[in-house]
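*Asks:* below are the sequence and a predicted model; questions follow.
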Amino acid sequence: MWNSDQLDLDAYLGRLGYTGDRTPTPETLGALHRAHVLSLRWDAIDSFLHHEVALDLATLQDKMVRRGRGGYCYEHVTLYAAALEALGFRFTAVSGRIQLGAETPRPATHAMLLVELDGARWLSDVGFGGSPLAPIELRDDARLTTDRGWSYRLRWEESAPGGPGWTVFQPNDRGPTEGADGWTRRQVFTETRQYPVDYAVGNHFVATHPR
């Protein structure tokens, strides 16, 4: 589905500086997630310059692997999904709404993966910009604090913006009115499976919308 047969896996892993195990285990997922976030930059400069943002693997590999450019979530996740597929991971692509404290629904234009491992599922969000440095287990009130002091909280909300779904919270750094208990709603998402064609639609909006 994610065209992993078109991916130069060795080149991708080399770009990440990853030389570890390639079996689909929680340890491998955590190491790949961290390496991707720390090695491949986030940027949306092509959209601001009115350049095409393409999601085919040939373009993504040339841009992000060979030329060392960055990209935004659709680019990151499409490349990352191809790598996980090549390594034998099972996952579901999903879309989220970037809320950043907003109470009304924002567009569902953020790409993420839910990875299935050993009877558990993990939110692997490598394309946010300030992405977590590790996957977060998909369970109510799961928490993650990375070695760089970044904290996240995952909760199921019946009244999330846009309807029932999972919410990722981050510490509230902008005053006590931004979120309950010192946490700000960062993004919300459902488990509805997304396909490359769905990401193509969202990518077109993000790349071409005047705002």
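*Replies:* Here it is on my side, so go on.
*Asks:* all helices for this protein, in order.
*Replies:* 9-16, 26-39, 45-48, 57-60, 73-87, 196-208 (DSSP state H).
*Asks:* any idea how far the fourth one is from the chain center?
*Replies:* This points to helix 57-60. Relative to its chain's centre, helix 57-60 lies at 18 Å (CA atoms, centre = their mean, to the nearest Å).
*Asks:* so what secondary structure elements neighbour that helix?
*Replies:* Contacting helix 57-60 under the criterion 3 or more CB pairs under 8 Å, 6 or more residues apart in numbering; DSSP states H and E are the following elements: helix 73-87. Using the backbone N, CA and C atoms, a C-beta is placed for each residue, glycine as well.
*Asks:* pLDDT-wise, which helix or strand of the chain ranks last?
*Replies:* The helix or strand of the chain with the poorest confidence is helix 45-48; it has a mean of 92 (mean pLDDT, DSSP states H and E).
*Asks:* centre of the chain to it, how far?
*Replies:* Helix 45-48 sits 19 Å away from the centroid of its parent chain (CA atoms, centre = their mean).
*Asks:* and it, what does it pack against?
*Replies:* Helices and strands touching helix 45-48, by 3+ CB pairs under 8 Å, 6+ apart, are helix 196-208.
*Asks:* can you redo the helices of the chain as TSV with distance to Thr104?
*Replies:* What follows is the helices of the chain, written out as TSV (distance: least, CB to CB, whole Å):
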stretch	distance to Thr104
helix 9-16	37
helix 26-39	29
helix 45-48	23
helix 57-60	33
helix 73-87	21
helix 196-208	18
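*Asks:* residues making contact with the least confident helix or strand of the chain?
*Replies:* With CB atoms under 8 Å, 6 or more residues apart in numbering as the contact definition, helix 45-48 has outside contacts at 52-53, 72, 206-208.
*Asks:* and the pLDDT at the closest residue to His36 other than its chain neighbours?
*Replies:* In this structure, His36 finds its nearest non-sequential neighbour in Val126, 4.8 Å apart by CB to CB, 6 or more residues apart in numbering. With respect to pLDDT, Val126 scores 98.
*Asks:* count of residues packed around Val126?
*Replies:* 25 (other CB atoms under 10 Å).
*Asks:* for it, phi and psi?
*Replies:* Main-chain dihedrals, Val126, degrees, to the nearest 10: phi -100, psi 0.
*Asks:* could you find the closest non-adjacent residue to the most centrally placed residue in the chain?
*Replies:* Nearest residue to the geometric centre of the chain (CA atoms, centre = their mean): Asp125, 2.9 Å. Using CB to CB, 6+ apart and skipping residues adjacent in sequence, the residue nearest Asp125 is Met112, 4.6 Å away.
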